[in-house]
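A.B. asks: I would like the atomic coordinates for the input below:
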Amino acid sequence: MLARPEWLRVKIPSGENFVNLKNTLRDQNLKTVCEEASCPNKAECWSSGNATIMLMGKICTRGCKFCDVTTGRPSMLDGFEPLRVAQTLKKWNLKYVVITSVCRDDLEDGGAQHFAETIRLAKLYCPKTLVETLIPDFDGKRESIGKIVKEEPLVISHNIETVKRLTHEVRDFRANYHKSLSVLKTIKEQNSKIFTKSSLMFGLGETEDEVIETAKDLRKNNVDIITLGQYLQPSRRHLPVREFISPEKFEFYKKMFQKMGFLYVVAGPLVRSSYKALDFVNTLRKIKSS
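C.D. replies: Predicted structure coming up:
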């Protein structure tokens, strides 16, 4: 196993905001991807009052070989969850929230209607809070994707995760490189005003040419935002890290992808798809005012 370099050290969770947010989540029986996927930025984000809510339980029907979310047979949907999420967000009074979910291949629409209802209520209860959604592929079904698009979140994100060659090694067999591109394309076809976003992990054996090819494929499908981060092995049963990418290499990719035309690029060893999501809004305002 490769030893982690100095730049991958993370802070120990602490602070009043961290404790308050954690207690609220427990009280409302809500899940976050921050915990379920063992995100390294939980301390930083929770201490500043930011979190990514994860819908439809903590059991995912898929078994991606990089992900720390539990795989298995999920329970029935909790019909009151969308309301609890909205009420919790109102208490937090956030400027920006990210809503995501596990994959629910056991449901006809992949849980899209449940997801859409959560967005609708979040916007109703918190009209000043900007909503970003990180969605599964819904098996590529346009109707399911359309349920999310109809609620008009500011950003709809779907992660392609890795380069084409490594997709079947890294992701669940039901995931597909071209299916993910199709999901992102469909969002723009249904509403071109919604910003689209995707994410890449590094350190799984990808080459520089493959990374650039993936970025070009995302741009061909009009993806606006891309985030780039280091894969970290959650446990011994997950894929091993093959390489730790230096901060300088992340900066190289960031500058290159900005030149490709992405509106916003976030790159760094500890970056995850929802990391500092609010910063995009500030960047967007600068672009509009220039």
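A.B. asks: Contact partners for Thr118?
C.D. replies: Going by C-beta atoms under 8 Å, 6 or more residues apart in numbering, Thr118 touches 55, 81-82, 85-86, 99. (Each C-beta comes from the backbone N, C-alpha and C, glycine too.)
A.B. asks: I'd like to know which of these are part of strands.
C.D. replies: With DSSP state E as the criterion, strands contain 55, 99 from among the contacts of Thr118.
A.B. asks: can the contacts of Thr118 go into TSV with extra columns for pLDDT?
C.D. replies: Formatted as TSV, the entries for these read as follows, by pLDDT from 0 to 100:
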residue	pLDDT
Leu55	94
Glu81	94
Pro82	96
Val85	92
Ala86	94
Ile99	94
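A.B. asks: which residue ranges form the helices in the stretch 101-250 of the chain?
C.D. replies: In the stretch 101-250 of the chain, helices defined by DSSP state H, counting those that start in this stretch lie at 112-125, 142-150, 167-170, 177-190, 208-220, 247-260, listed in chain order.
A.B. asks: on that earlier part again, ok, so of the contacts of Thr118, who is nearest Asn93?
C.D. replies: Ala86 (12.6 Å; C-beta to C-beta).
A.B. asks: what's near enough to touch that closest one?
C.D. replies: Residues in contact with Ala86 (C-beta under 8 Å, 6+ apart) are 118, 121-122, 124-126.
A.B. asks: which of these are buried?
C.D. replies: Applying a neighbour-count criterion of 16 or more other C-beta atoms under 10 Å, the buried members of these are 118, 121-122, 125-126.
A.B. asks: Return the closest of these with respect to Leu181.
C.D. replies: Closest to Leu181 out of the buried ones among the contacts of Ala86 is Thr118 (25.6 Å), distances taken as C-beta to C-beta.
A.B. asks: Leaving out chain neighbours, which residue sits closest to that closest one?
C.D. replies: When the adjacent residues along the chain are set aside, Thr118 lies closest to Pro82, with 4.0 Å between them (C-beta to C-beta, 6 or more residues apart in numbering).
A.B. asks: my read: that neighbour touches Tyr125, true?
C.D. replies: No - using C-beta atoms under 8 Å, Pro82 is not in contact with Tyr125, being 10.1 Å away.
A.B. asks: just to revisit the earlier point, any chance of the contacts of Ala86 in CSV with distance to Gly140 and pLDDT as columns?
C.D. replies: Listed next are the contacts of Ala86 as CSV, based on distance: C-beta to C-beta, whole Å; pLDDT from 0 to 100:
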residue, distance to Gly140, pLDDT
Thr118, 21, 97
Leu121, 26, 97
Ala122, 25, 96
Leu124, 29, 97
Tyr125, 31, 96
Cys126, 31, 94
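A.B. asks: Neighbours of Asn282, how many?
C.D. replies: 10 (other C-beta atoms under 10 Å).
A.B. asks: how about it, what does it touch?
C.D. replies: In this structure, Asn282 makes contact with no residue, judged by C-beta under 8 Å, 6+ apart.
A.B. asks: Please could you give me each C-alpha atom of the helix or strand where it lies, formatted as CSV?
C.D. replies: Secondary structure assignment for Asn282, by DSSP states H and E: helix 279-289. Once non-C-alpha atoms are left out, helix 279-289 reads as follows in CSV (Å, rounded to 0.1, in the frame of the first residue of the first chain):
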residue,chain,number,x,y,z
ASP,A,279,-17.8,29.2,-4.8
PHE,A,280,-19.2,28.5,-8.3
VAL,A,281,-21.9,31.1,-7.7
ASN,A,282,-19.4,33.8,-6.8
THR,A,283,-17.4,32.9,-9.9
LEU,A,284,-20.6,33.1,-12.0
ARG,A,285,-21.4,36.5,-10.7
LYS,A,286,-17.9,37.7,-11.7
ILE,A,287,-18.4,36.3,-15.2
LYS,A,288,-21.8,38.0,-15.6
SER,A,289,-20.5,41.4,-14.3
